[in-house]
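Visitor: Pasted the sequence and its predicted model underneath.
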Amino acid sequence: MAEFVSELKRTHTCGALRGGDVGATVVLMGWVDATRDLGQFRFVTLRDRFGVTQLRFDAHRDADLYADSGRARSEWVLAIQGEVVSRGENANRELATGEVEVLVTRLQVLNRSEVPKFPIRDEVDANEDLRLEYRFLDLRRRPIQSKIVLRAEITHIVRDFLHGEGFLDLETPVLTKSTPEGARDYLVPSRVHPGEFYALPQSPQLFKQLYMISGYDRYFQICRCFRDEDLRADRQPEFTQIDIEMSFIDRDDIYAVCDKLVARIMREVHGVELQLPLPRMSYDEAMARFGVDAPDLRYGLELSDVSDLVAGSSFSVFSDAVAAGGQVKAIVVPGGADLSRKQLDELTEVAKRYGAKGLAWAKGSAEGWTGPVAKFFDADAQRTINERLGAGADDAIVWVADRTPVVAAALGNVRKHLARSRGLIPAGVYKFTWVVDFPLLEFDADQNRWFAMHHPFTSPRNEDIPLLDTDPGAVKARAYDLVLNGHELGGGSIRIHDQDLQSKMFELLGIGAEEAELKFGFLLNALRHGAPPHGGLAFGLDRIVMLLSGAESLRDVIAFPKTASASCLMTRAPSPVDAGQLAELGIRTLKNE
RNA sequence: GGGGUGGUAGUUAAGUCGGUUAUAACGCCGGCCUGUCACGUCGGAGGCCGCGGGUUCGAGUCCCGUCCACCCCGCCA
């Protein structure tokens, strides 16, 4: 069709034309968004990533052209030349280009398209697996596109800001060494060394420390990381970190840089001015008040300890828990006297899912508490507890009694569930907080050993170093997370820069001197060659984009994501490879035997 | 590894207690239509009911297994 226009050059994007362009002759290129044929003329809306422009084909002006245009189908790729004309009173206010349309004089079909499996519309009800298989079509849809574009804008802000602050954008290897601890590694077989493997990095942690030791103060990288663990809506096997490391600094220096970075992103993306410095709270406080280490501060529903008030209670669930060294904590549900049995059952289910044996509850009333727990508490006891909690006659109280970590997990998640189900989460609010002073170690009862809570290179607080020998569980780390609306955006620590302390850490973690030398010899060696004090952190770029774009899944902010079973429905990866490839790598598989 | 939800025209869904020819909307194909913008309107085509077994005179429907997707627990320093 119409080879005479093949030399056409695009003059405008599909989002560019305005009333001021009336009279201009323009060339547009794009995808057929929709066609509307009215018999003697036809409207075609043409789309590219900049917008949509309405084209008009008029049978009275050019019958052949009109007939040609009738062959165009959804998602065909067209080039058109025409005159910009005003739409007058037919203007479409919904559309940026809606004041004008292009009266087409030349048409070239640049490409045809199969009928798309689902319509390229903002609202689409196609299943997600179909959309993932046809990801290249889904990415044409405006809501997805705007998230991918936002992602590009944020990475640009990050690079621009950090460059301005004197950071160097430095690369680290992707084929690297498998290390113990942490997540499962993705392994890459070596052809040259049969039977040996590289690992894809879970993070560039050790390399950025080595950069510091090499004197490359102020490093950053936007880099891909890989963890072979089971997935969630907010967890992908490969994800992107904004990785930062600095020398000759302490925690405050990290907070300061990150505060400014986050403030800049919020200002440029959402026009929100953050009050700096961002608030900080200790890990212990977060766990006590919210039950989780990444508290959502957009709503109240805080946890209160009533162990002392119920220790002597005749309600054995409470008194036994306290006697066993556990605790009893409560959440007041404002206006919760209207909670239905079904809603309370739901809350109980949540508490059980996180290890609690149940959820005790009472509803307020003018005559005192109602509900199964009420009979164990006389009017005085009820009043004392109500006063401690600030609970009134319209409210409900829910309790969990158990070991401290179970109480925290159960009530922390009951709190989240309550906030969602009772609509207590305000829209458009961004509550940041640093959570600091994480425990250095946590004890794994199953394996009867200590694990690093952050990673084995995290420095304890100086004042806690003596505790390493006497009470390792009490040692706090110089580690910190930045939390937004209940999601961990990033975390980091001041690192150990002393080889003796590092060796001691390995010892505590049950990594023998020989094993440490084998797995981390290069780091220990480097620490012996003039390591400066250093530290840093890593942000999860995907999560930042997810939270700032209002996406509910990480899949929406990653252009080509993987499913919950870590496969790519578009490429069908992972896939078998032929026997020759495996033989070359010295690999024989167990499956299908 | 465990639990939950789902899989029926191209797409999204309905399908009752197991019963005759499996419905609808959108999309697609064709006709008509001079101001549409999710155009309208008339007509048409379109089915391995995820897959494999079983029960039954008879299975989209019941049972067992399996695959895929989503959500959650464990896991993710």
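Guide: Ah, there it is.
Visitor: in stretch A:449-457, what's buried?
Guide: A:Trp450, A:Phe451, A:Ala452, A:Met453, A:His454, A:His455, A:Pro456, A:Phe457 (16 or more other C-beta atoms under 10 Å). From N, CA and C alone the C-beta is placed, and that goes for glycine too.
Visitor: Look at the second one and report its pLDDT.
Guide: I take that to be A:Phe451. At A:Phe451, the pLDDT value in this model is 90.
Visitor: what do you get for the one 10 residues further on?
Guide: Per-residue confidence for A:Arg461 comes out at a pLDDT of 96.
Visitor: And for A:Arg341?
Guide: 88.
Visitor: swap in A:Val310?
Guide: 94.
Visitor: quick one: it and RNA strand B, what's the gap?
Guide: According to C-beta to the nearest atom of the strand, to the nearest Å, A:Val310 and RNA strand B sit 26 Å apart.
Visitor: How about the backbone phi and psi for A:Thr470?
Guide: As for A:Thr470, its main-chain torsions (degrees, to the nearest 10) stand at phi -100, psi -40.
Visitor: A:Ala379 now?
Guide: According to degrees, to the nearest 10, A:Ala379 has phi -60, psi -40.
Visitor: So it sits against A:Ile385, correct?
Guide: No: the criterion here is C-beta atoms under 8 Å, and A:Ala379 misses it with A:Ile385 at 11.0 Å.
Visitor: Who has more neighbours out of those two?
Guide: Legend: neighbour count by other C-beta atoms under 10 Å for A:Ala379 and A:Ile385, higher for A:Ile385 (21 against 10).
Visitor: list the contacts for that one?
Guide: A:Val306, A:Leu309, A:Val310, A:Ala330, A:Phe377, A:Ala391, A:Ile397 (C-beta atoms under 8 Å, 6 or more residues apart in numbering).
Visitor: looking at this, it is in a strand?
Guide: No: according to DSSP: H, G, I helix; E, B strand; the rest coil, the state of A:Ile385 is helix, so it is not within a strand.
Visitor: Helix, strand or coil: sort out A:Gly473 for me.
Guide: What three-state DSSP gives for A:Gly473 is helix.
Visitor: my guess is it meets A:Pro439, correct?
Guide: Yes: the pair A:Gly473 / A:Pro439 is scored as a contact, 6.9 Å apart, by C-beta under 8 Å.
Visitor: Pick out whichever of the two has more residues nearby.
Guide: Applying other C-beta under 10 Å to A:Gly473 and A:Pro439 shows that A:Pro439 carries more neighbours, namely 22 against 11.
Visitor: What are the phi and psi values at that one?
Guide: phi -60, psi 150.
Visitor: nearest spatial neighbour of it, skipping sequence neighbours?
Guide: Once flanking residues are discounted, A:Pro439 sits nearest to A:Met453: 5.4 Å by C-beta to C-beta, 6 or more residues apart in numbering.
Visitor: Which residues are in contact with whichever residue of the stretch 301-450 of chain A sits closest to RNA strand B?
Guide: Distances between the stretch 301-450 of chain A and RNA strand B by C-beta to the nearest atom of the strand are smallest at A:Arg353, namely 5.4 Å. Contact analysis of A:Arg353 by C-beta under 8 Å, 6+ apart lists A:Asn413.
Visitor: go with 10 Å
Guide: By C-beta atoms under 10 Å, 6 or more residues apart in numbering, the residues touching A:Arg353 are A:Ala409, A:Ala410, A:Asn413, A:Val414, A:His417.
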